[in-house]
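**Student:** Sharing a model that was predicted from the sequence below.
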Amino acid sequence: MTEHTLFHKIRDREIPATVVFEDDEVMAFKDIHPKAPTHLLFIAKKDTDFVPSIDDLTEKTAHVPGLLILKAQAFAKEHGIVGYQLKFHVGKAGGQEVFYLHLHFLSEQKIEA
Ligand code: AMP
């Protein structure tokens with residue numbers, strides 16, 4: 001597989017981003033055009049978890065959205081964020097621009113990072 005999207009480059013630190021969370025499985029960074037005081041993007045890091053879009057999920061990758069949601073939930077708890085929105089844009093017609101599955105995390109509460 002030779003896919004190399006913008007978010008592969010952020011994951012591999014080939015282009016800069018403001019990373020606010022990272023572990024072995026997931027990375028979260030600030031959206032460059034925030035639509036809320038906190039606007040983060042959560043991505044799965046492992047090549048085996050790579051999927052372009054919700055539209056492309058298979059049984060092999062069906063766990064990935066849940067993984068991203070769990071990490072977002074933990075991030076919110078850790079930062080005392082009590083209300084937030086989670087979104088997947090699906091397909092070009094659904095507003096998706098980057099075909100590396102990502103979870104938008106938006107909150108009116110601001111984080112310090
Ligand atoms: P989507 O429309 O769901 O594909 O979301 C892609 C998001 O990536 C948009 O909200 C963009 O603002 C954001 N974005 C594009 N380039 C960058 C970048 N270099 N760093 C951080 N976020 C970006």
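**Tutor:** Ah, there it is.
**Student:** only C-alpha atoms for contact and neighbour calcs from this point on.
**Tutor:** Fine.
**Student:** Isn't Ala44 up against Asp24?
**Tutor:** No - applying Cα atoms under 8 Å, one finds Ala44 not in contact with Asp24, separated by 9.0 Å.
**Student:** neighbour-wise, which of the two wins?
**Tutor:** Ala44 (26 against 8; other Cα atoms under 10 Å).
**Student:** now what about whichever strand or helix holds Met27, what contacts it?
**Tutor:** Per DSSP states H and E, Met27 falls inside strand 26-30. Applying Cα atoms under 8 Å, 6 or more residues apart in numbering, the contact partners of strand 26-30 are 11, 17-22, 38-45, 68, 71.
**Student:** how about His8, secondary structure?
**Tutor:** Three-state assignment for His8 (DSSP: H, G, I helix; E, B strand; the rest coil): helix.
**Student:** quick one: pLDDT of it?
**Tutor:** Looking at His8, its pLDDT is 98.
**Student:** Likewise for Phe50?
**Tutor:** 97.
**Student:** quick one: it from the ligand, how far?
**Tutor:** 15 Å (Cα to the nearest ligand atom, to the nearest Å).
**Student:** Ok, Leu67 next?
**Tutor:** Leu67 sits 17 Å away from the ligand, going by Cα to the nearest ligand atom.
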